[in-house]
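Got a sequence here, can you build the structure:
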Amino acid sequence: MEYTGSSYEGDFHNGRMEGKGTYNFPTGTRYDGEMKDGTFHGKGTLFFPNGSKYEGEWENGIANKGKYTFADGLEYDDEEWLYCDGYDRRFYTEICNGLKPAGRSQLTNRVPPREIPEGCYDCGDGFYNPKSRVVVDYNHKFLRNADDDEHDWIVKTCRKGWDEIVGYQPKMDA
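Numbering: from 1, shown residues only. Alright, predicted model coming up:
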């Protein structure tokens, strides 16, 4: 674990993680639950840095069944998923609390929306600077360098940290 930056606090048996414990990944993800022979085994929960979690039952390190809950409390249901499908593009908070009045667009599921640094984009897991092509998390820690495909997708689809006029603009006479 010292080589990967992970840590574990909990029960051991024959020098291996076994029983109940907490395993911390270097990414900030944390597993609380049962272990067997050094792997997730039994009931346990993965807590992610963005506030979401996965509660599951594990067998030899593999999740057999479980439930994913987003940071805002929305539970994922792969059979009856009613959120942001092809017919209903409302945010979860709009489903729970109703739509905003006309003229008050809700730009993200977060209310109020995150403030984006000037010249950057909010790409869902952090901020993207198109000049340096670096994605940092919301605490401004390095996450990754964006490749060409990710750069193109972010520039085309994500919220910007600056205002610009879009749409039809008539030509001005000189």
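
Every contact and neighbour count from this point should use C-alpha atoms.
Fine.

and residue 150, that one's in a strand?
No - counting by DSSP: H, G, I helix; E, B strand; the rest coil, residue 150 falls outside a strand, being helix.

For it, the count of nearby residues, please.
13 (other C-alpha atoms under 10 Å).

Tell me how far residue 147 lies from residue 153.
Residue 147 sits 10 Å away from residue 153, going by C-alpha to C-alpha, to the nearest Å.

ok, and the closest non-adjacent residue to residue 125?
Of all residues not flanking residue 125 in the chain, residue 137 sits nearest, at 6.1 Å (C-alpha to C-alpha, 6 or more residues apart in numbering).

my bad, should have said residue 126
Per C-alpha to C-alpha, 6+ apart, closest to residue 126 is residue 137, 4.0 Å.

likewise residue 122?
Per C-alpha to C-alpha, 6+ apart, closest to residue 122 is residue 159, 5.5 Å.

For residue 153, see how far away the one you found is.
In terms of C-alpha to C-alpha, residue 159 sits 11 Å off from residue 153.

which one of the two has more residues nearby?
Shown here are residue 159 and residue 153; by other C-alpha under 10 Å, residue 159 has more neighbours (17 against 11).

ok, the more buried one touching residue 126?
No - using C-alpha atoms under 8 Å as the test, residue 159 is too far from residue 126 to be in contact (11.4 Å).

following the helix or strand of the chain with the lowest mean pLDDT, which helix or strand shows up next?
Here the helix or strand of the chain ranked lowest by mean pLDDT, DSSP states H and E is helix 92-97, holding a mean of 66. Using DSSP states H and E, the helix or strand that follows helix 92-97 in sequence is strand 121-122.

Off-centre distance for that following strand?
14 Å (C-alpha atoms, centre = their mean, to the nearest Å).

going forward, begin numbering at 34 instead of 1
From this message on, residue numbering opens at 34, which makes the last subject strand 154-155.

How many residues are close by residue 67?
Using other C-alpha under 10 Å, residue 67 is surrounded by 22 other residues.

before we move on, which element is it in?
Using DSSP H and E, the element containing residue 67 is strand 63-69.

Could you do residue 53 as well?
strand 49-57.

quick one: buried residues of the helix or strand where residue 100 lies?
In the assignment (DSSP H and E), residue 100 maps to strand 95-102. If you call a residue buried by 16 or more other C-alpha atoms under 10 Å, then strand 95-102 has these buried ones: 96, 101-102.

Closest one of the residues you listed to residue 45?
Among the buried residues of strand 95-102, residue 96 lies closest to residue 45 (C-alpha to C-alpha), at 21.3 Å.
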